[in-house]
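J.: Any chance you can model this:
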Amino acid sequence: MLEISTERAWAIYSRAWPFLFLRLAAGFAAALAGLLGLVLGAWLLESVAGSGSLFGAWGGLMGLWGATFLLSRIRWRVRLAIGLAHAAAFSESLGEAPLAEGEDQVAEAQALVADRFAGPALLAEMDPQIRAAAGAIPGLIGGVRLFITMRGMEGLAAMLTWLISLAMTPIVDLVYAYVVHLRAANPWQAARQGLVLYGQNSRRLVVNGLAASAATWTASLIVLLILLPPMGGLFSSFPDSVSGWSLLGAILFAWSIKSAFFDPFALAALTPIFFRLAQSQTPDPEWDRALSDLSPAFRRIRNRAAGWNFEAAAFGDPKG
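T.: Numbers count the residues shown, from 1 in each chain. Here you go, the predicted structure:
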C-alpha cells in the first residue's frame, strides 16, 4: 500500500532548506575535485611519459582515483555535519518541538547529532555495520525468501535482494535519525532497535521506498540528459585523451544534484511513515532473532550495544 504523501514530504523537505545548499555545495565540490583530478592526471602523465591517448587516459583515471581517495578522508566529517544532521532535522520536524527555522536549524541539528555520536570514528565504525544489517533485511521478506528456498533461483533472489536494498537506501539515514530522536546514551542499542523496527515493517517500507526510489532515479536521469550537451562542450577544451569523457563529467554533476535535492526528498517522503510506525510499536524479539541469525553485522551491533555501558564506564562517561 502506497502511503507517501507528496504534500507532507514537501512540508518536511522545504522546512530544512538550509541543508539543501550545504549538500549542493558539498556535492559540487566533490564533482569539481573529481573533474580536476581527471584533467590534471591526464595532463601530468602526458607531460612525463609523452603524448598519447593511452597515457592520458591512464593519467586521468589515476587523477580521478586520487581525488576520490582524498575526499574519502573527510567523508565521515561531512556526513556527520550535513547528511545525518539533515536526517535529524527531518525527524525532529515531526515532534512537538521542531528545530528552529532558517540557518539556526543547521546548528541545532548538528548539536543533536554530535551529542549522540562521539565523532567521525564512531560513525565510521557504525555505518558499515548498519548498512550491512539493513541490506540483509530484504532477504527476510516473504517473496524473496521464497526464491531463496527454491533450487536454481538463488541468482534471482540475490538480484531482487540487491534491487530492494538499493531502493531502501534512505532507510539507513532513518535509522540514524531514530538514534538521534531517542536521545539514547547507547547509540548501538538505539540502532539495533531502529533496524528491528525497519525489519518488522519492511514490506510496507519497501513498497514506499521503491516508489520514492523510482521517482529519484527518473529525475536524476533527466538531469543527466540535460547536462550532457554542456559537458560535451566543456570537455572539448580538455586534453584529447579525456575529451571524450563528457559522459563521466555529466554523471559526476548529475550525482551531485541527485544527492543534494532528490535523495533528501525521498528521505522526507519516508520519514513520517517510518516514525509513525516506530512510535506505535515496540521492537519484535522474533525479528531481532531472525536478524541475528541472518546477519553477522547485526550480531556485531548487538555485541557492541551490550558492551557499551562497560566501555562508557571505563572512560568515565556519566551518560553511559
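J.: Next up, phi/psi of residue 243, please.
T.: In terms of degrees, to the nearest 10, the main-chain angles of residue 243 are phi -70, psi -20.
J.: which residues does it contact?
T.: 235-237 (C-beta atoms under 8 Å, 6 or more residues apart in numbering). Glycine gets a C-beta too; all of them are placed from N, C-alpha and C.
J.: Now with 6 Å, please.
T.: Under the criterion of C-beta atoms under 6 Å, 6 or more residues apart in numbering, the contact list for residue 243 reads 235-236.
J.: I'd like the distance between it and residue 223.
T.: 22 Å (C-beta to C-beta, to the nearest Å).
J.: ok, now residue 34?
T.: Taken as C-beta to C-beta, the span from residue 34 to residue 223 is 17 Å.
J.: got it, and residue 88?
T.: Taken as C-beta to C-beta, the span from residue 88 to residue 223 is 27 Å.
J.: Which one's more surrounded, those two?
T.: Using other C-beta atoms under 10 Å as the criterion, residue 88 and residue 223 rank with residue 88 on top: 26 against 19.
J.: Name all residues that make contact with the more buried one.
T.: Per C-beta under 6 Å, 6+ apart, neighbours of residue 88: 109, 112-113, 177, 180.
J.: next one: residue 224
T.: 250, 254.
J.: name the element it belongs to?
T.: Taking DSSP states H and E as the criterion, the element that holds residue 224 is helix 202-235.
J.: Over to residue 31?
T.: Going by DSSP H and E, residue 31 is part of helix 17-49.
J.: buried set for that helix?
T.: Buried positions in helix 17-49, judged by neighbour count with 16 or more other C-beta atoms under 10 Å: 18-20, 22-23, 26-27, 30-31, 33-35, 37-46.
J.: show me the contacts for residue 188.
T.: So residue 188 contacts 301, 304-305, 308 (C-beta under 6 Å, 6+ apart).
J.: among the residues you listed, who's most crowded?
T.: Counting by other C-beta under 10 Å, top hit in the contacts of residue 188: residue 301 with 24 neighbours.
J.: Next up, the contacts around that one.
T.: 129, 188, 191-192.
J.: Of these, just say which sits nearest to residue 66.
T.: residue 129 (28.4 Å; C-beta to C-beta).
J.: State the distance from residue 223 to residue 253.
T.: Taking C-beta to C-beta, one finds residue 223 at 8 Å from residue 253.
J.: re the thing from before, out of the contacts of residue 88, which sit inside helices?
T.: By the criterion of DSSP state H, membership of those in helices covers 109, 112-113, 177, 180.
J.: out of these, who's nearest residue 218?
T.: Of the ones in helices among the contacts of residue 88, the one sitting nearest to residue 218 (C-beta to C-beta) turns out to be residue 177, at 25.1 Å.
J.: So what's the residue count around that closest one?
T.: The burial count for residue 177: 28, using other C-beta under 10 Å.
J.: neighbours around the closest residue to residue 100 other than its chain neighbours, how many?
T.: Spatial nearest neighbour of residue 100, excluding adjacent residues (C-beta to C-beta, 6 or more residues apart in numbering): residue 108 at 5.8 Å. Residue 108 has 16 neighbours, counted by other C-beta under 10 Å.
J.: Just to check, residue 108 is in contact with residue 99?
T.: Yes - using C-beta atoms under 6 Å, residue 108 makes contact with residue 99 at a distance of 4.6 Å.
J.: returning to that earlier point: now do the residue nearest to residue 100 against residue 163, distance only.
T.: The value you get for residue 108 to residue 163, if C-beta to C-beta is used, is 37 Å.
J.: for stretch 123-132, what is the average pLDDT?
T.: Stretch 123-132 carries an average pLDDT of 88.
J.: Flag every buried residue along that stretch.
T.: So stretch 123-132, judged by 16+ other C-beta under 10 Å, has buried residues 123, 126-127, 129-132.
J.: same check, this time on stretch 285-303
T.: 287-288, 290-292, 294-295, 297-298, 300-302.
J.: Of the residues you listed, which is the nearest to residue 67?
T.: Of the buried residues of stretch 285-303, the one sitting nearest to residue 67 (C-beta to C-beta) turns out to be residue 297, at 29.4 Å.
J.: thinking again about what came up before, filter the contacts of residue 88 to the buried ones?
T.: Those of the contacts of residue 88 that meet the buried threshold are 109, 112-113, 177, 180, by 16+ other C-beta under 10 Å.
J.: out of those residues, which one sits closest to residue 272?
T.: The closest of the buried ones among the contacts of residue 88, once distances to residue 272 are taken by C-beta to C-beta, is residue 177, at 11.5 Å.
J.: I'd say that closest one and residue 87 touch.
T.: Yes - counting by C-beta under 6 Å, residue 177 touches residue 87, with 4.2 Å between them.
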